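Engineer: Need a 3D model of the sequence below.
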Amino acid sequence: MREFEFEDRYYQVSEIKRRFCIKDKTWRVWVYGDTVKVNGKSKKKNAIDKSLMGLIKIPGTNYCVVDPYVFQDWFKELCNAK
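Structural biologist: So this is what the prediction gives:
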């Protein structure tokens, strides 16, 4: 997996999703968790720790930005890339 070069700034979530080809549904499951059926019963999948992903919440808002290098390292580990 190749590494991307980034500008020295935080990125919007939409920019990161576009750069890494991540679909909206996948992002929502990572950030908010998901409900799955196991043996006919609903079970809640936990969300991933946002700080591990490099998400930084802007104080006083519902807005997040992403540290691209932290996210890239987390994503490579998730994909078991070398």
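Engineer: hmm, who's touching stretch 54-71?
Structural biologist: Residues outside stretch 54-71 that contact it (C-beta atoms under 8 Å, 6 or more residues apart in numbering): 4, 6, 10-13, 15-16, 19-20, 31, 50, 52-53, 74. For the C-beta atoms, the positions are set from N, CA and C on the backbone; glycine is no exception.
Engineer: got a pLDDT number for residue 5?
Structural biologist: What the model reports as pLDDT for residue 5 is 86.
Engineer: before we move on, what about residue 58?
Structural biologist: Residue 58 is given a pLDDT of 93.
Engineer: related to what we said a few turns ago, quick check: PyMOL command selecting the buried ones in the contacts of stretch 54-71.
Structural biologist: Entered in PyMOL, the line below selects the buried ones among those, by 16 or more other C-beta atoms under 10 Å:
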select buried, resi 6+10+11+13+16+53+74
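Engineer: In strands only, show me the contacts of stretch 54-71.
Structural biologist: Judged by DSSP state E, the subset of these located in strands is 11, 12.
Engineer: can you map out the helices along this structure?
Structural biologist: 13-20, 24-32, 50-53, 68-78 (DSSP state H).
Engineer: Of all those, which one is nearest residue 43?
Structural biologist: Closest approach to residue 43 among the helices of the chain is made by helix 24-32 (13.5 Å; C-beta to C-beta).
Engineer: who's in contact with that closest one?
Structural biologist: Residues contacting helix 24-32 (C-beta under 8 Å, 6+ apart): 13, 17, 34, 45, 47, 48, 50, 53, 55.
Engineer: Could you pull out the buried residues of that helix?
Structural biologist: Of the residues in helix 24-32, those buried (16+ other C-beta under 10 Å) are 27, 29, 30.
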